[in-house]
Structure formats: C-alpha cells, structure tokens
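S.K.: From the sequence below, what's the structure:
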Amino acid sequence: MSYLAGGAYYGEFSTSRFSSGAAMNATGTPIATATRSGVDDAAFALTVTNIATGRYKVTGTIPAGYAIGDAVQISVTATVDAVAAVGIVDSFVVGEAMRGTDSAALASVATEARLARLD
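M.R.: Okay, the predicted model is just below:
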C-alpha cells in the first residue's frame, strides 16, 4: 500500500492471551508510535481504537512534511494478561501521488487487459 504525505493512515493489529493465543483486549489502550527513517516522530499522531475483542485499528494523518521515499514503521506497545510487549505492526514508504495523466493511462491499461480476457 502506498501512502502520501498529508494523507490518511489506517492499519489494524490484534492482541491475544499469551498462554492460549485466544483473542483478548489489552489492559488500557495500546500506544502506537510512528518512526520515520529511524527516529520516533511525535508529529505523526496516531489514535488506537478497540473495534472487537483483541482487535484494534490505528488511524492518523501522515505529516505533510514527509518526503517521497521516507521509510515509516508503526509500532504498538500493549499489556495483555499482565505481559507487556511491543512490536512493529506496519511499515511503508511514502509514495508519490499519481498525476491525472498517469491515472488515465493506468485505467486504459486495465480496460485493455479486461478486454483481452474476453477475446
């Protein structure tokens, strides 16, 4: 997935009981941190929301100052069943928005591929 500077970010992760692997909510709300090119970045504010037992979403807006090619990792810290843990749940490289002519060319190629399958 390609994300753009200034665009929305969305990801998901899950938590489970260490002893059984069964889905289990964390104690409190897990904390998500963005790391840009190896440095934690508090300017990339992330919100964690519980959406089902042991299932969470992470949302935020990628700062407009990010440059094409910046490497980003999203890590989460959570305590589940009295076990504290941290892990990388997502990573991506900031991409470049398609110009109008690029998206039109891509749509044309996709249409040609569909028509070729019909022959």
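
S.K.: neighbours of Lys57, just the number please.
M.R.: Lys57 has 15 neighbours, counted by other C-beta atoms under 10 Å. Backbone N, C-alpha and C define where each C-beta goes, glycine included.

S.K.: And Ile88, by the same measure?
M.R.: Neighbours of Ile88 using other C-beta under 10 Å come to 12.

S.K.: That one contacts Thr77, doesn't it?
M.R.: No. Ile88 is beyond contact range of Thr77, at 11.2 Å (criterion: C-beta atoms under 8 Å).

S.K.: Skipping adjacent residues, who's closest to Ala23 in space?
M.R.: Nearest non-adjacent residue to Ala23, counting by C-beta to C-beta, 6 or more residues apart in numbering: Gly54, 3.1 Å away.

S.K.: So for the one you found, what's the pLDDT?
M.R.: Looking at Gly54, its pLDDT reads 96.

S.K.: How about Ser19?
M.R.: 89.

S.K.: contacting residues around the nearest residue to it once chain neighbours are set aside?
M.R.: The spatially closest residue to Ser19, leaving aside those adjacent along the chain, is Asp81, at 7.1 Å (C-beta to C-beta, 6+ apart). For Asp81, the contact set (C-beta atoms under 8 Å, 6 or more residues apart in numbering) comprises Arg17, Phe18, Ser19, Met24.

S.K.: Tell me the spacing between the first one and Val48.
M.R.: Arg17 sits 19 Å away from Val48, going by C-beta to C-beta, to the nearest Å.

S.K.: When those two are compared, which one has more neighbours?
M.R.: The residue with more neighbours, out of Arg17 and Val48, is Val48; 19 against 14, by other C-beta under 10 Å.

S.K.: where does the more buried one land in three-state SS?
M.R.: Here Val48 is strand, with the state taken from DSSP: H, G, I helix; E, B strand; the rest coil.

S.K.: just checking, what packs against the helix or strand containing Thr77?
M.R.: Assigned by DSSP states H and E, Thr77 falls within strand 71-80. Packing contacts for strand 71-80, counted by 3 or more C-beta pairs under 8 Å, 6 or more residues apart in numbering; DSSP states H and E, involve strand 8-14, strand 31-36, strand 55-61, strand 83-93.

S.K.: That'll do, ta.
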